[in-house]
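Chemist: starting from these lines, generate the structure:
(chains A, B, C and D)
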Number of protein chains: 2
Amino acid sequence: MADVPHSSGPSTLMDVARQAGVSPSTVSRILNGTAKVSDDKRLAVLAAIDKMKFAPNQMAQGLKKGRSMTIGIVVQDISSPFFDETLRGVDDGLKGTGYASVIVSGHWNAEEEADRMRLLLARKVDGIILLSGRMSDQAVLGFSSQRPIVSTGRALQTRSALGFKLDNESGACMAVHHLIELGHRRIAFISGPANNIDATERLAGYTRALREANIELDQDLIVEGNYHEASGMLAMNRLFDTHQQFTAVFAANDLSAYGARLALYRKGIRVPDDISLVGFDDLPGSSYTTPPLTTIRQPLYDIGRIATQALLRIINGEEARGEVPPLELIVRETTRRVR
Amino acid sequence: MADVPHSSGPSTLMDVARQAGVSPSTVSRILNGTAKVSDDKRLAVLAAIDKMKFAPNQMAQGLKKGRSMTIGIVVQDISSPFFDETLRGVDDGLKGTGYASVIVSGHWNAEEEADRMRLLLARKVDGIILLSGRMSDQAVLGFSSQRPIVSTGRALQTRSALGFKLDNESGACMAVHHLIELGHRRIAFISGPANNIDATERLAGYTRALREANIELDQDLIVEGNYHEASGMLAMNRLFDTHQQFTAVFAANDLSAYGARLALYRKGIRVPDDISLVGFDDLPGSSYTTPPLTTIRQPLYDIGRIATQALLRIINGEEARGEVPPLELIVRETTRRVR
DNA sequence: ATCGCTTATGAAAACGATTTCAAGCGCCTT
DNA sequence: AAGGCGCTTGAAATCGTTTTCATAAGCGAT
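Modeler: Below is the predicted model:
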């Protein structure tokens, strides 16, 4: 019985072929089911594979097939619950497909984003999912000539690029409308960064809701944040420092709502008894804030999963399609009828 | 002037060579700085590269060099703030190195973990970082014969494997000690899953602190959770349902502390006025809970960064070393002297 | 002017798989 | 019995790089 030669590295398909006394082609055929091979050889090869613990070298496979079985994910912040929840969806969408993902961060910066994109392309990813990208649609389309791209936050639909867009304006409108229904008239708004498209849309939703209710817009009630907790806290303090009167606050995302909540706590102002608070996103943690946060739910997980499935479809030459559930108001315990 | 031939796919090194009128070897040499080449050719090649937007095919490079410039990260939960913070450290540690990372999840399951590990190996990652792995040290050592591995939560030190271990017991002890110093004698403990090594160590720390203070251990004050918010809430309710008397709660991680906090809120019990609460981890969100959470800080970010740097060193044949900062008590606003 | 000796460069092999192509074999048909 | 067909199988080319290896050119020394 021939022993395993004391090979240096991991075993190759060639090694297996030798062990089993067949040609490499045959091994490959068995591995891929590309052609019929006689049962005796199949058995011999399978045994050899098992014995040598052979696993195909994915770099070699990738080179030859032109498929890396890898997709690239561009996020903006690798440790934000917002992206994580989406990534979980991506992960589930990839489950059982043989694809793995490499995740890079654009850090909210169009330049860096494009850079990372090129990096992914050089790595021959089979497709890219772009989350909350800052680059122009044009740029995305450009990249999409190399590899299919699915992006959130854009309305795109070509053979090799697909975008999902949520109606941020309506979402924000729902949030403010909810407050208005509870009798609030003086509603402060902690916005997102002005250069962010989602942020401006949410601002638009805020103003629209006010307009529809015939409430005069007070610019002093709007303060710009940057989506982070600290900015929510700062914004809140700014509102107090300038002695604004209001009974409710709408934060453009949950994170800044958390910050606002803390500022309120520090002032000894009760939520929702004294002031109502609404967020936007419905991060996983928002069901466990004190009190649990009323917010607009983004189907983050679904977005990840559906984007992934759509990308896989495009990669396989099928039609690019997919739709995500709409935004939804989740009423928890930070809002209440004005006294 | 020769025009770019209407090439089908992205341009290859061969294309560049043709464009510049040199051999592929020369192009490669310029790309890698492997050998001196005359200035005129260098210029021509550089121009060609620029013109054709050439970027080396990483699969081909990887195949040839035996380096994929990719490292694998095994986490247990792709969307947990705990891992995210560490991943941020990894990301920063990788910055500027040319390495990218592929992240997979073991879902707290030793079998799946080993599976994912094999998958990474087949992808020819140049090294692996294992975070909170469930597999045995033996198994890790086994894998480390194929690729260097750096793991958290183990005391390991071989040529190709390195482990970082934090002193969970002392950390837990610090937390409980802090409560005792504040006059608390009846301190409940919401533990982590019993099959988790960190969890049992923290339990040990809890009992040790009590023993050192000559406080009798009351098993009824210990309830097992699973590190998630919901379990913290359940645990808290269980404590109330069984009519336990206590003035403080130590939760084995921040997430379950969040859950406990919510249970308390629901009962109308004030924190820290009526009951003190301590967590473990110091997740990014813990500075923004209401009130901000007193907790034991794990240097999550540093762990990620340092593990990465250590792995890179091992990959480059240098000595495996690295040390992470110790656990630290962060006193915020959920603890207070017992009345 | 000739003989080394260094240098720059190209040709070709190699990495580890897949795939085309051709060959060998058995079997059916006439 | 001969020709043809289909089936399994191996040899060799290929993917896009890097890396020997060999060669030619350049140059100083004698």
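
Chemist: which neighbouring elements make contact with the helix or strand hosting A:G62?
Modeler: Using DSSP states H and E, A:G62 falls within helix A:58-65. On a contact count with 3 or more Cβ pairs under 8 Å, 6 or more residues apart in numbering or on different chains; DSSP states H and E, helix A:58-65 meets helix B:58-65. No exception for glycine: its C-beta is placed from N, CA and C like everyone else's.

Chemist: what's the mean pLDDT across the helix it packs on?
Modeler: Helix B:58-65 carries an average pLDDT of 96.

Chemist: ditto for stretch A:135-145
Modeler: Mean pLDDT, computed over stretch A:135-145, is 95.

Chemist: convert that stretch to PDB, retaining C-alpha atoms only.
Modeler: Taking C-alpha atoms only, stretch A:135-145 is exported to PDB below (Å, rounded to 0.1, in the frame of the first residue of the first chain):
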ATOM      1  CA  MET A 135     -20.100  58.000  -4.300                       C
ATOM      2  CA  SER A 136     -22.200  59.200  -7.200                       C
ATOM      3  CA  ASP A 137     -24.500  57.000  -9.100                       C
ATOM      4  CA  GLN A 138     -22.300  57.600 -12.000                       C
ATOM      5  CA  ALA A 139     -19.300  56.200 -10.200                       C
ATOM      6  CA  VAL A 140     -21.300  53.200  -9.200                       C
ATOM      7  CA  LEU A 141     -22.400  52.600 -12.700                       C
ATOM      8  CA  GLY A 142     -18.800  52.900 -13.800                       C
ATOM      9  CA  PHE A 143     -17.700  50.200 -11.400                       C
ATOM     10  CA  SER A 144     -20.600  48.100 -12.400                       C
ATOM     11  CA  SER A 145     -19.000  47.500 -15.800                       C
END
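
Chemist: can you read off the pLDDT for whichever residue of the stretch 201-339 of chain A sits closest to DNA strand D?
Modeler: Closest to DNA strand D within the stretch 201-339 of chain A is A:I315: 17.9 Å, counting by Cβ to the nearest atom of the strand. A:I315 is assigned a pLDDT of 95 by the prediction.

Chemist: residue contacts, it?
Modeler: Contacts for A:I315 (Cβ atoms under 8 Å, 6 or more residues apart in numbering or on different chains) come out as A:I71, A:D126, A:G127, A:P148.

Chemist: is any residue of the helix holding A:G62 near DNA strand C?
Modeler: Yes: judged by Cβ under 7 Å from any atom of the strand, helix A:58-65 and DNA strand C are in contact via A:A60, A:Q61, A:L63, A:K64, A:K65.

Chemist: quick check: the third one vs A:P56, distance?
Modeler: In this structure, A:L63 and A:P56 are separated by 12 Å, where distance is defined by Cβ to Cβ, to the nearest Å.

Chemist: give me the more crowded residue out of these two.
Modeler: Higher neighbour count among A:L63 and A:P56: A:L63, with 20 against 16, using other Cβ atoms under 10 Å in any protein chain shown.

Chemist: give me phi/psi at the residue of the stretch 101-250 of chain A found nearest DNA strand C?
Modeler: Nearest residue of the stretch 101-250 of chain A to DNA strand C, counting by Cβ to the nearest atom of the strand: A:K124, 12.9 Å away. The phi and psi values for A:K124, taken as degrees, to the nearest 10, are phi 60, psi 40.

Chemist: surely it and B:A60 touch.
Modeler: No: with contact defined as Cβ atoms under 8 Å, A:K124 and B:A60 do not form a contacting pair (9.0 Å).

Chemist: between these two, who's got more neighbours?
Modeler: Using other Cβ under 10 Å as the criterion, A:K124 and B:A60 rank with A:K124 on top: 24 against 16.

Chemist: got the contact list for the more buried one?
Modeler: A:G62, A:G66, A:S68, A:T70, B:N57, B:Q58, B:M59.
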